[in-house]
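Engineer: Turn this into a structure:
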Amino acid sequence: TLSGSLDELRVFTTARNGEQIKKYRTRNIFAQEGLSLYYKFNASIDLELRPNDLLVWSGMRLGREHGLATLDFGLSDASRRVQPGDEVIVDGDQGIVILRPSPEASARYEKVRQRSMREEEELDSLREVPALTLDGCRVELMINLDNPEEMRSVLSLKSDGVGLFRTEYLFLNRTAPPGEEEQSRVYIQTARSMKDQPLVIRTADIGGDRLSSLGIDAPKNEANPFMGLRGIRLFLRHSELLKVQFRSILRASGSGNVKVMLPMVSSLRELQSARRVFFQAQQELLAEGVEVKPRVELGIMVEIPSAAILLDALLPESDFVSIGTNDLIQYTLAVDRINEEVAHLYDPFHPAVLRLIDQIVEATHRHGKKVSACGEMSSDPKTAPLLLGLGVDTLSLTPRMFLRIKQIVLSLSMEKARAMARRALTMKVAEGKAAFLALVKSADICLDNYSPGAIERLGRGYEQLAAVNPQLRGAAGAARPHPSREPGDGRGGG
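Structural biologist: Residues are numbered from 1 along each chain as shown. Coordinates of the predicted model:
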């Protein structure tokens, strides 16, 4: 749940059809015409709004990386509606932007924002606390890393490692691909920062539209680049890119607990081809006298339904599995989530999605391997317990939501989460969030309040938690209760 008042809003987009981007400055707001609104606070509130107050209503998708909320569509007329000097409120929970809010609306949102900031301070007391459920199950919580510049804040969260290091940034805004020396320096430095904790480096998931800027022949007129030449498909087509990245990562293997992950795998042939390049890179480095760990794990992201269905065939070639829920949902449901006409059909609670995740977990465990999840479902307080109930071993989270999800884990009974997941798998109709929240209520799982103070107010108290997790006694002393929430002040959604 992210929204807030006016002070630190930023609006970004890209030019479309080669048109020049229109830019507007409205007090502290920097706006560009297009598709994405970013804001960093998390709060929400119900208001009675006049029709003219609404700049947009959309089936909001939250971009949780870097503590930002995102409205990915529905803002195409922003530059025509927003005038210099206008005030704007973004409510990420409800997917609305309020243009020229009333003084009452601004005051109420500011009040919620202040309360949210107090709760953020309380969550800091959980940094050193192990992620144990009420019934004593240890949950592995990792971090998604977009750029090594984030390492200081990531390390301060005391996570169990980096479950997803996105390397796309290395290939952006340049005229040639990054070389082996440049890449290896980044990976070695990051691995050393993590010490013995896992660092899962994903090979770059870039699309063919990036190739021309890198000086490489690119496909022309790809109608749908998201389902085109991207990820491991692109890197197998241009295998020199893949080998250079493999060599760079392998050179970092002696500096930490480094693992490699392949995106967009859809077939056994792709995985086997990538493994051959991986083996070649390993042998070349050893022949050159470079220190490489004897065994570096190579895993896959399961984000395409074909990979989920064929997982029994893929697992002998894969050391671990990570579920990329974002693409898995949209490919399973044939929904482009940034298309305003169908985005409301993007549903993480859809029975087909839940059953597919269940199949992935069951197959991976049957082969004696671990499965993580690194998409938005992991960082959403409403869906993270469902993933754990389905048997996902590790959640890889955005830094912004890490402590909030840890608080959910601390107040969660794994037994109840499993029971809730079993019931969810029996759903036949895609009733979405409403049906799922009914399951949550029937399982006696509370997802509405996450701060230590809120947990105490609910009567769950740290005496009960401390029986399993003694380190919580100190956190309980630091917690203080908050006044009850105002109607509509939901905190779900990241």
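
Engineer: neighbouring contacts of stretch 300-313?
Structural biologist: 202, 261-268, 271, 314, 318, 321-328, 331-332, 356, 359-360, 363-364, 366-367, 374-375 (CB atoms under 8 Å, 6 or more residues apart in numbering). Where you see a C-beta, it was placed from the backbone N, CA and C, and this is true even at glycine.

Engineer: what's the straight distance from one end of it to the other?
Structural biologist: Using CA to CA, to the nearest Å, one end of stretch 300-313 lies 13 Å from the other.

Engineer: now that stretch: mean pLDDT?
Structural biologist: The average pLDDT within stretch 300-313 is 98.

Engineer: Quick check: buried residues in that stretch?
Structural biologist: Neighbour-count burial for stretch 300-313 flags 300-305, 307-308, 310-311 (criterion: 16 or more other CB atoms under 10 Å).

Engineer: Tabulate those (JSON lines), appending secondary structure.
Structural biologist: As requested, the buried residues of stretch 300-313 are arranged in JSON lines below (DSSP: H, G, I helix; E, B strand; the rest coil):
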{"residue": "Ile300", "secondary structure": "strand"}
{"residue": "Met301", "secondary structure": "strand"}
{"residue": "Val302", "secondary structure": "strand"}
{"residue": "Glu303", "secondary structure": "coil"}
{"residue": "Ile304", "secondary structure": "coil"}
{"residue": "Pro305", "secondary structure": "helix"}
{"residue": "Ala307", "secondary structure": "helix"}
{"residue": "Ala308", "secondary structure": "helix"}
{"residue": "Leu310", "secondary structure": "coil"}
{"residue": "Leu311", "secondary structure": "helix"}
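
Engineer: Please convert those residues to TSV, extending it with distance to Arg400.
Structural biologist: Compiled in TSV, those are given as follows (distance: CB to CB, whole Å):
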residue	distance to Arg400
Ile300	26
Met301	21
Val302	25
Glu303	22
Ile304	27
Pro305	29
Ala307	28
Ala308	28
Leu310	34
Leu311	31
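
Engineer: shaky segments in this protein?
Structural biologist: Screening the chain residue by residue with the criterion pLDDT under 70, one finds the ranges 1-79, 91-96, 430-494.

Engineer: quick check, nearest of the buried residues of stretch 300-313 to Lys406?
Structural biologist: Comparing the buried residues of stretch 300-313 against Lys406 with CB to CB places Met301 closest, at 23.7 Å.

Engineer: Next, the contact list for the closest residue to the closest one other than its chain neighbours, please.
Structural biologist: Sequence neighbours aside, Gly324 is the residue nearest to Met301 in space, at 4.5 Å (criterion: CB to CB, 6 or more residues apart in numbering). With contact taken as CB under 8 Å, 6+ apart, Gly324 is in contact with 263, 301-303, 374-375.

Engineer: which phi and psi does Gly324 have?
Structural biologist: With angles defined as degrees, to the nearest 10, Gly324 shows backbone torsions of phi -90, psi 90.

Engineer: now swap in Val162 and tell me
Structural biologist: Torsion angles, degrees, to the nearest 10, at Val162: phi -110, psi 110.

Engineer: What count of nearby residues applies to the residue nearest to Thr394 when sequence neighbours are not counted?
Structural biologist: Residue nearest to Thr394 in three dimensions, not counting chain neighbours: Ser372, with 3.7 Å by CB to CB, 6+ apart. Counted with other CB atoms under 10 Å, the neighbours of Ser372 add up to 25.

Engineer: With Glu104 instead?
Structural biologist: 10.

Engineer: Same check on Arg115?
Structural biologist: Here the number of neighbours of Arg115 (other CB under 10 Å) works out to 17.

Engineer: which residues does Gly215 contact?
Structural biologist: By CB under 8 Å, 6+ apart, the residues touching Gly215 are 175-177.

Engineer: Could you tell me the phi and psi values at it?
Structural biologist: Dihedral angles of Gly215 (phi, psi; degrees, to the nearest 10) stand at phi 80, psi 20.
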